[in-house]
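A.B. asks: Give the three-dimensional model of this entry:
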Amino acid sequence: MRLTSPSVLAFSIERTRFDEDYAPLGNTRITTNFANLARGESRRENLRNTFAMIDNRCNQLAHWDNEDADRYAVELSIVSVSARIDGQASSEPFPLIEMLQTSILDRRSGARLEGIVGNNFSSYVRDYDFSVVLPAHKRAHGGAGIPEDFGVLHGNLFQSFLRSDAYAQLFSTQPVICLSVSSSQTYRRTHNQHPVLGVEYRQDEYSLTDEYFAKMGMKVRYFLPEGSAAPLAFYHLGDLLADYTNLQLISTISTMESFQRIYRPEIYNANAAAGAIYRPSLTHADYSTTRVVYDREERSRLAVEQGTFAQETFIEPHREALAAWSADYSAQTVELEGAGR
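C.D. replies: Next up is the predicted model:
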């Protein structure tokens, strides 16, 4: 039995080169990692320094047959996904998701190798869930719990996109999204070690972010690559260790670790690496800064504005249609899983 996507949604994809000349599109979430770097007076220097960090880290990890540590360069494209309600040309497309796609340039051979799509993950609907829905629920329930259906619509939208013809026409592998570990969790080193991903860590319990991504169909594993200060969280759908080449994994590590060193230097640019038992902290004082300008306070404030934008332009105008679509999609998913047993 094949899961079909209810006809209320149609997806379209636009790809934009992310390089020193990049300027955010009008519908790009301005708190997104790559968009935040490309703003203000320091935008070009920010981008140049970021790309240098990514390439240096890539060559550090891909050290075989790379004596001068300059063989590879990571090239990035922004994947912008829009959803149109009812699939009608007259309906206004909503900027649903933005991700990054990596490719690896082998300067020795001149070949460009396919990387991984995903990496960074940006979503207005996720802003709505975490910055509008969740705070309202906590205010109404004395700060306790989460809504029963928290993240269900967002998860169904994401999974429907992955099963769409639009995705299949452009991408040959499933996405991997790489995020920071949670400062609310404790992580413990295991004996499992991968040649590129490094040493695996496991957490004591799942975080709210882990549970949210689970509704997107994604599992999570935590690895500390060699030379990293802290583990990274890798959200994936298939087999993280078997479905991708070493260079593909390196392209994701080098890109997302560089972003995290900029945005969370207390964790990812710490002067001492994570130990056997690790509790990340944004109040950690022993860390180094990068040469990239970033306003973390502005990023937090704008998340509320972006969540409100999703509420006013997507959720509220189409609430009934989206609720019916999501319920139908969830029912199909349950039916498919039952048939597969």
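A.B. asks: three-state assignment of S103?
C.D. replies: Under DSSP: H, G, I helix; E, B strand; the rest coil, S103 falls in the strand class.
A.B. asks: And the helices in the stretch 1-150 of the chain?
C.D. replies: Along the stretch 1-150 of the chain, counting by DSSP state H, counting those that start in this stretch, helices occupy 33-37, 43-61, 124-128, 134-140.
A.B. asks: Tell me who's in contact with F130.
C.D. replies: Contacts for F130 (Cβ atoms under 8 Å, 6 or more residues apart in numbering) come out as 303, 307. Heads up, the C-betas are built off the backbone N, CA and C, glycines and all.
A.B. asks: Mind doing that once more with 10 Å?
C.D. replies: 123, 150-151, 154, 208-209, 212, 303-304, 307 (Cβ atoms under 10 Å, 6 or more residues apart in numbering).
A.B. asks: Derive a ChimeraX selection command for the buried subset of those residues.
C.D. replies: Of these, the buried ones go into a single ChimeraX selection, burial set by 16 or more other Cβ atoms under 10 Å:
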select :123,150,151,154,209,212,303,307
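A.B. asks: For the contacts of F130, give me JSON lines that also has secondary structure and distance to P93.
C.D. replies: Shown next, in JSON lines, are the contacts of F130 (DSSP: H, G, I helix; E, B strand; the rest coil; distance: Cβ to Cβ, whole Å):
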{"residue": "S123", "secondary structure": "strand", "distance to P93": "15"}
{"residue": "F150", "secondary structure": "coil", "distance to P93": "25"}
{"residue": "G151", "secondary structure": "coil", "distance to P93": "22"}
{"residue": "H154", "secondary structure": "helix", "distance to P93": "17"}
{"residue": "L208", "secondary structure": "helix", "distance to P93": "29"}
{"residue": "T209", "secondary structure": "helix", "distance to P93": "27"}
{"residue": "Y212", "secondary structure": "helix", "distance to P93": "24"}
{"residue": "A303", "secondary structure": "helix", "distance to P93": "22"}
{"residue": "V304", "secondary structure": "helix", "distance to P93": "23"}
{"residue": "G307", "secondary structure": "helix", "distance to P93": "19"}
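A.B. asks: Tell me which of the contacts of F130 has the lowest pLDDT.
C.D. replies: Within the contacts of F130, pLDDT reaches its minimum at A303, with 82.
A.B. asks: And that one, how close does it get to S12?
C.D. replies: Per Cβ to Cβ, to the nearest Å, A303 is found 25 Å from S12.
A.B. asks: What of Y212?
C.D. replies: Y212 is 25 Å from S12, by Cβ to Cβ.
A.B. asks: go on, W325?
C.D. replies: Distance, W325 to S12, using Cβ to Cβ: 17 Å.
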